[in-house]
Each structure stands twice: as C-alpha cells, then as structure tokens.
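Trainee: mind folding the following:
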Amino acid sequence: MRKLVTFVLLCMTLIVNAQDSQSGKIALNATVATTENITDKTYDIITDKLNLVATSNGCAGRGFDDRFVITAHMQLLDESTTNTAPAKTAIRLNVTIYVGDGIDGTLFSSCNVELKGIGDNKEEAFISAIRKIKPRDSALISCIETGKAKIVSYYESVAPSIITKAKAKASGGHLEEAIADLLAIPTACSKYTEAQSLIGKYGQEACDKANMKIITSARAAWAADPDGNGATKAAQILNGIDCPSKSILAAAKELSNEIAARKQSVADQRLKFEKLQAKWEHQETMSRIDAAARVAEAYWNSRPRVVYRFLWW
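Mentor: Prediction:
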C-alpha cells in the first residue's frame, strides 16, 4: 500500500498533459555516443540542439518509446588560431546527423552539415559551431521526414502486437506499463484510435485503484482520531484523489459528509470538505487520457535508461 500511495503522490506532482503539442508524435530521443569524447557541456549543447531539430520538424524530443534516436557524429576538418589579441581558436566542423533505430542499429536517414566556429579555446569553438545548426535546414527537414516515414511503417507492423501485449499486461494488473506501451503508438498509425480507447479505460482503472487506497487511508486516519486532528489528516489525504470515477466520487463524498456532520460545529471544517467535493466534481470531467498520461509518466520515469547499440560511422 505504501508503494502505491507513493506512486500516486508522484503522479499528482507531474505536469503532464496527454493532449499537448507532443501527444501522438513520433519520439526521437537525442543522444550522442560516448566515442565522441566530448565534455559534458558540449554534450548538453549538442543534445539540446538535436532535440530542437526533432521538435521543429514534427517529432517529440521524448516520449513513451525510447527505441528511435537522433544522434550526431562530429569531425574536425580544420583548426587554426586567429591573428587577434587575444588569439582565438577557429574551427571548421562537419556534423553528420543520423535518425534510426537505436535498439537494433538500423539507420533510417542522415545528412551532413558543415559549420564554422570560433571561441577562446577548442571547446568553445566547437560549441559556437554547433549552435549554428539550423533546425529547419532543408537537408535536415528531408532527413527527419524520411526517418518519420520509416518509423510510422514500423508502428504499422508492430501496433497489433503492442495492443495485444498491453491487454495482457493490464489483465495482470500492470496498468501503468500497459498505458506507457500504448502511448507510444503515434497518431499517424492506423491503430492510434484503438490504443487511445484502451488508454482511457486503463487510466481510469489505475486511478480508481489508487483513489480507493487513498479513501481507505483517510478513513483510517479519521477512525483513529475522530474527535481530534483526524478530520484534518483525513482531508489532507483525500486531497490526493485525482480524476475520480462516479463510484470513487460517491465513496469520497460519503466519508467527507460523515466527517463534516461530526464536525458541523466548526464552520471551517465544513468549508474544507465542501471545497474538496467541488474539486472532485471538477476532476470527474477531466480527460481520462490526461489521467492515464500522469500514471504512465511516473512509471516511465522510474525505468532504467536504454543503452543504445548503433554504429553508423
């Protein structure tokens, strides 16, 4: 129970909206191989730029499938020192950007960008060059579009299997994992609508399960101290309820009405529970997909990161 309550509280803190601009988009995970031998600062700059390339061309920089990647290989073509005071380092850099399957190592597309950079040292010159990558460069647009087409083809072939496995996981009680798997199916896939329907169903089931645990915990707090601070503790616990179904809403209202009736001589206690009930009624109208996304995001963030196996240069 403690693990479930912790999981629910984590869900509540996440700012995730399944209907935002990234929803249903193909996720391209920005990564750079350790063989590039770059500093942490340069790594952050290049991965931020790769994320911008992905999002500027209709992809999500991250999502519920870490299979597909956008990565880069950098080759120093020329390095010189300027005749200025103070002297600067100038470089000419070739950056090859790749899109592909980072799990099985299949390359989908690539393009080359030649850049110049200048800085106080070699690292700063590298960063100066990397910053000049234009996300909407025609070659990059073509590279991303080619990759997206192949990724959609991949999902068309595996979506039926993803749905079948998700149903099995949900039947076994692994609702968060099932939802995360289904959220990976993009809008361009013919199975997207079916996946969204299941996401809504499993999201509500996950919320109901977590919400019932919250109600049980609140009832226990109230029963343990009905004449002292039990009402305040119960209210704090009940505040964690998210996107309640009609059955959960009824159970929560039953407990809050019971507490309010016992504490009716205290006006602020009645007001507290009236506000809680108003909040639940509002949440009942929230999108089930939104609730499912919060559940899946907490699960997804707890997973170990994937180690990619690609060698495209």
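
Trainee: so where is the stretch 151-300 of the chain shaky, pLDDT-wise?
Mentor: Where the stretch 151-300 of the chain drops to pLDDT under 70, the residues are 263-273, 281-288.

Trainee: okay, buried residues for whatever helix or strand A293 lives in please.
Mentor: Assigned by DSSP states H and E, A293 belongs to helix 288-301. Buried residues in helix 288-301, defined by neighbour count with 16 or more other C-beta atoms under 10 Å: 288-300. All C-beta spots, glycine's among them, are computed from the backbone N, C-alpha and C.

Trainee: distance from that helix to the middle of the chain?
Mentor: Distance, stretch centre to chain centre, for helix 288-301: 8 Å (C-alpha atoms, centre = their mean, to the nearest Å).

Trainee: send the alpha carbons of that helix over as PDB?
Mentor: C-alpha atoms of helix 288-301 as PDB (Å, rounded to 0.1, in the frame of the first residue of the first chain):
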ATOM      1  CA  ARG A 288      -9.200  10.100 -18.900                       C
ATOM      2  CA  ILE A 289      -6.300  10.300 -21.300                       C
ATOM      3  CA  ASP A 290      -4.800  13.100 -19.200                       C
ATOM      4  CA  ALA A 291      -5.000  10.900 -16.100                       C
ATOM      5  CA  ALA A 292      -3.600   8.000 -17.900                       C
ATOM      6  CA  ALA A 293      -0.600  10.000 -19.100                       C
ATOM      7  CA  ARG A 294       0.200  11.100 -15.500                       C
ATOM      8  CA  VAL A 295       0.100   7.400 -14.400                       C
ATOM      9  CA  ALA A 296       2.300   6.300 -17.300                       C
ATOM     10  CA  GLU A 297       4.800   9.200 -16.900                       C
ATOM     11  CA  ALA A 298       5.500   8.200 -13.300                       C
ATOM     12  CA  TYR A 299       6.100   4.600 -14.400                       C
ATOM     13  CA  TRP A 300       8.200   5.600 -17.400                       C
ATOM     14  CA  ASN A 301      10.500   7.900 -15.300                       C
END
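
Trainee: check which residues of stretch 236-244 are buried.
Mentor: Buried residues in stretch 236-244, defined by neighbour count with 16+ other C-beta under 10 Å: 237-238, 240-244.

Trainee: what residues does stretch 131-151 touch?
Mentor: By C-beta atoms under 8 Å, 6 or more residues apart in numbering, the residues outside stretch 131-151 that reach it are 26, 28, 45, 49, 52-54, 56-59, 68, 70, 95, 97, 99-100, 108-113, 115-117, 186, 188.

Trainee: so who does the residue lying closest to L198 once chain neighbours are set aside touch?
Mentor: Nearest non-adjacent residue to L198, counting by C-beta to C-beta, 6 or more residues apart in numbering: L182, 5.7 Å away. By C-beta under 8 Å, 6+ apart, the contact set of L182 is 162-163, 166, 195-196, 198-199, 202.

Trainee: let's go with 6 Å and repeat that
Mentor: Taking C-beta atoms under 6 Å, 6 or more residues apart in numbering, we find L182 in contact with 166, 195, 198-199.

Trainee: just the ones of those residues in helices?
Mentor: 166, 195, 198-199 (DSSP state H).

Trainee: wait, is V99 part of a strand?
Mentor: Yes: according to DSSP: H, G, I helix; E, B strand; the rest coil, the state of V99 is that of a strand.

Trainee: let's number from 35 now, not from 1
Mentor: With 35 as the first residue, the last one maps to V133.

Trainee: count of neighbours near K199?
Mentor: 15 (other C-beta atoms under 10 Å).

Trainee: what of V192?
Mentor: V192 has 16 neighbours, counted by other C-beta under 10 Å.

Trainee: next, the residue lying closest to L289 once chain neighbours are set aside: secondary structure please.
Mentor: Nearest residue to L289 in three dimensions, chain neighbours excluded: R253, at 5.7 Å (C-beta to C-beta, 6+ apart). Three-state call for R253 (three-state DSSP): helix.

Trainee: kindly provide the distance from R253 to S195.
Mentor: R253 sits 42 Å away from S195, going by C-beta to C-beta, to the nearest Å.

Trainee: now E292. Nearest residue, chain neighbours left out?
Mentor: In space, and not counting its chain neighbours, E292 is closest to W256: 7.8 Å by C-beta to C-beta, 6+ apart.
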